[in-house]
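[1] After the sequence you'll find the predicted model.
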Protein chains: 2
Amino acid sequence: MNIGAAAEATGVPPKTIRYYESIGLIPPATRAENGYRHYTGFDIETLKFIQRTRHLGFSVKDVGGLLALWHDKDRTSASVKALALNHISDVEQRIQELDTIRKTLIDLTERCHGDDRPECPILDEFATSD
Amino acid sequence: MNIGAAAEATGVPPKTIRYYESIGLIPPATRAENGYRHYTGFDIETLKFIQRTRHLGFSVKDVGGLLALWHDKDRTSASVKALALNHISDVEQRIQELDTIRKTLIDLTERCHGDDRPECPILDEFATSD
DNA sequence: CCTTGACCTTCAAGTCACTGGAAGCCCATA
DNA sequence: TATGGGCTTCCAGTGACTTGAAGGTCAAGG
């Protein structure tokens, strides 16, 4: 499988696969005689693993940690769970922040007429000196 | 007011103020004889405006737009509201994504024993080929 | 008078996670 | 044989700063 086919199979774009190789997230791909990168079953599974965990918002660093745990047959499920719980708390904090922002903005937009006059409580709020 | 005092007064760090100047979000500060940047009332209000809008998650580009509208006495409140509504929809979409992630992760962690054995449904899920 | 420490200045580079583009080789098909 | 696509590398750009280095300025204490 060339890099394009691997990208197709995993959802990770060719540029991104090369990038992951360059930062050491995945080992250097084996090369065909013409210098093309070559991917087989395990490489594909690894890329899918990366794609799923990235899609769940884990940082690339954390994905590296998860890959290491995946390969470590002596891992404890507690260590995996700890990483996941940590990430959940990050996600929940971010949701909280965004929800606060959302509420503020909705309040402001409800108070703004949204017509062709310049008076605007949204700008007023941004400009008030508290 | 030197840059440090302006930072203190607005919550925008000195480095960030210089950065905003460098990208043209704020005009170049006037300088004292020794070359130090000098800030007065209006500059401070502008920096506070920026801080509030950035804190609400507007991009620096959007903040530039809001500043322009703030200074434009012929603006329409509709144009401000449109920017805000757009941002709300971005925020809500992001919240949706994060909530989906959150639900998935919570489900996985609940199914993981989190003990000293290696079996882990979290990793199993990340590794499954669907 | 000198030193110390806290300011301030600039410019370059690092962060995160890619993404885009340029220049050039490789390969299958019409 | 020409064309078009895929592959290679490397460099630069994104967003929004942050860090660090090297050096100028200023007020206070010994």
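    Thanks, I have it.
[2] Let me see the domain layout of chain A.
    A:1-56, A:76-130 (automatic domain parsing).
[3] quick check, the first one touching DNA strand C?
    Yes - using Cβ under 7 Å from any atom of the strand, a contact is recorded between domain A:1-56 and DNA strand C, made by A:13, A:15, A:16, A:19, A:33, A:34, A:35, A:54. For the C-beta atoms, the positions are set from N, CA and C on the backbone; glycine is no exception.
[4] filter those down to the ones near DNA strand D?
    Within those, those near DNA strand D by Cβ under 7 Å from any atom of the strand are residue A:35.
[5] Including distance to residue B:123 and pLDDT, could the residues of domain A:1-56 next to DNA strand C go into CSV?
    CSV is the format used below for these (distance: Cβ to Cβ, whole Å; pLDDT from 0 to 100):
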residue, distance to residue B:123, pLDDT
A:13, 25, 96
A:15, 27, 96
A:16, 22, 97
A:19, 24, 97
A:33, 36, 92
A:34, 36, 93
A:35, 34, 94
A:54, 15, 96
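[6] Scan chain A for its longest helix.
    Using DSSP state H, we find that the single longest helix of chain A is helix A:77-111.
[7] same for that one, what does it pack against?
    Judged by 3 or more Cβ pairs under 8 Å, 6 or more residues apart in numbering or on different chains; DSSP states H and E, helix A:77-111 is in contact with helix A:60-71, helix A:121-127, helix B:77-111, helix B:121-127.
[8] angle of it against helix B:77-111?
    Computed by axes from the mean of the first three to the mean of the last three Cα atoms, to 10 degrees, the angle separating helix A:77-111 from helix B:77-111 equals 160 degrees.
[9] and residue A:23, how far is that from chain B?
    19 Å (Cβ to the nearest Cβ, to the nearest Å).
[10] Specify the angle between the helix or strand that contains residue A:19 and helix A:60-71 in degrees.
    Assigned by DSSP states H and E, residue A:19 belongs to helix A:14-22. Compare the direction of helix A:14-22 with that of helix A:60-71 by the same axes, to 10 degrees and you get 70 degrees.
[11] which stretches of chain A have low pLDDT?
    A:129-130 (pLDDT under 70).
[12] Check the secondary structure at the spatially most distant residue from the centre of chain A for me.
    When distances are taken from the C-alpha mean of chain A, residue A:117 lies farthest, 42.0 Å away, according to Cα atoms, centre = their mean. Taken by DSSP: H, G, I helix; E, B strand; the rest coil, the conformation at residue A:117 corresponds to coil.
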